[in-house]
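Student: Here you go, sequence then predicted model.
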Amino acid sequence: DAGVIQSPRHEVTEMGQEVTLRCKPISGHDYLFWYRQTMMRGLELLIYFNNNVPIDDSGMPEDRFSAKMPNASFSTLKIQPSEPRDSAVYFCASSLFGDTQYFGPGTRLTVL
Amino acid sequence: ELKVEQNPLFLSMQEGKNYTIYCNYSTTSDRLYWYRQDPGKSLESLFVLLSNGAVKQEGRLMASLDTKARLSTLHITAAVHDLSATYFCAVDGTKKSSGDKLTFGTGTRLAVRP
């Protein structure tokens, strides 16, 4: 069974540009989580969904960040406009019934 | 607010030695997880501990949970180079306090040297 799939794996963009990160959770999982990892701040939860509904977005840093989950097999995290301080590795994870979270390979974002 | 602390933050071990990583958390928890992350890679689930006194073992790693002390340990036996990685504990607060989200510790970077 395929694990969590994320795309792109690497993204380099210039400040001010829009960035869209994509995630396909494990089939049948009902929870989806977006995390950001940096050396300075560690692993931070940005937002999570249950059955495609956003439950807690208190970790979203500011209005430049938005996330959607239009169906059970797809989610996006968008940053508009991007800034250099957004540079990080962004992970998507999914779980069944809120149990063990399985992480995707991550997207390494660099904003110049 | 649930806080999770790990120590040490960095651990340099000699092959063949034993050591323990500690994870303390601040409030009641439903379950506790241990994850491993290799450099430049994703997080891989190692263990989930569900109740007081729970012990799980996989190879040279053994995890335990003491809910009364709000403490989990990850014990490494006879370390080998392949165990070099960063280890995270993550705590699932009660449904009422944290919903279904995990709070991660800062991670312990383990380096096993010959």
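Tutor: That came in fine, so what should we check first? Numbering: from 1, shown residues only, chains lettered A, B, ... in the order given.
Student: Nearest residue to the residue of chain B found nearest chain A in space, ignoring adjacent ones along the chain?
Tutor: At 3.7 Å from chain A, B:Asp100 is the closest residue in chain B, using Cβ to the nearest Cβ. Quick note: C-beta positions are derived from backbone N, CA and C, even for glycine. In space, and not counting its chain neighbours, B:Asp100 is closest to A:Gly98: 3.7 Å by Cβ to Cβ, 6 or more residues apart in numbering or on different chains.
Student: tally of neighbours for that neighbour?
Tutor: 18 (other Cβ atoms under 10 Å in any protein chain shown).
Student: Pretty sure it sits against A:Tyr31.
Tutor: Yes - shown here, A:Gly98 and A:Tyr31 form a contact pair, counting by Cβ atoms under 8 Å, at 5.7 Å.
Student: Please enumerate the shared neighbours of the two.
Tutor: A:50, B:100 (Cβ atoms under 8 Å, 6 or more residues apart in numbering or on different chains).
Student: can you map out the strands along chain A?
Tutor: A:5-7, A:10-13, A:19-24, A:31-38, A:42-50, A:53-56, A:65-71, A:74-79, A:88-95, A:102-103, A:107-111 (DSSP state E).
Student: The last one and chain B, are they touching?
Tutor: No - applying Cβ under 8 Å from any Cβ of the partner chain, one finds strand A:107-111 out of contact with chain B, separated by at least 8.6 Å.
Student: how much space between the residue of chain A found nearest chain B and A:Arg36?
Tutor: Closest approach between chain A and chain B, counting by Cβ to the nearest Cβ: A:Gly98, at 3.7 Å. Going from A:Gly98 to A:Arg36 by Cβ to Cβ, to the nearest Å gives 21 Å.
Student: Could you point out the helix or strand that follows the least confident helix or strand in chain B by mean pLDDT?
Tutor: When each helix and strand of chain B is scored by mean pLDDT, DSSP states H and E, helix B:95-98 comes last, with a mean of 58. Toward the C-terminus, helix B:95-98 is succeeded by strand B:102-104 as the next helix or strand (DSSP states H and E).
Student: JSON lines for the strands of chain A, including distance to B:Lys68?
Tutor: Compiled in JSON lines, the strands of chain A are given as follows (distance: least, Cβ to Cβ, whole Å):
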{"stretch": "strand A:5-7", "distance to B:Lys68": "39"}
{"stretch": "strand A:10-13", "distance to B:Lys68": "45"}
{"stretch": "strand A:19-24", "distance to B:Lys68": "38"}
{"stretch": "strand A:31-38", "distance to B:Lys68": "29"}
{"stretch": "strand A:42-50", "distance to B:Lys68": "27"}
{"stretch": "strand A:53-56", "distance to B:Lys68": "28"}
{"stretch": "strand A:65-71", "distance to B:Lys68": "38"}
{"stretch": "strand A:74-79", "distance to B:Lys68": "38"}
{"stretch": "strand A:88-95", "distance to B:Lys68": "27"}
{"stretch": "strand A:102-103", "distance to B:Lys68": "30"}
{"stretch": "strand A:107-111", "distance to B:Lys68": "40"}
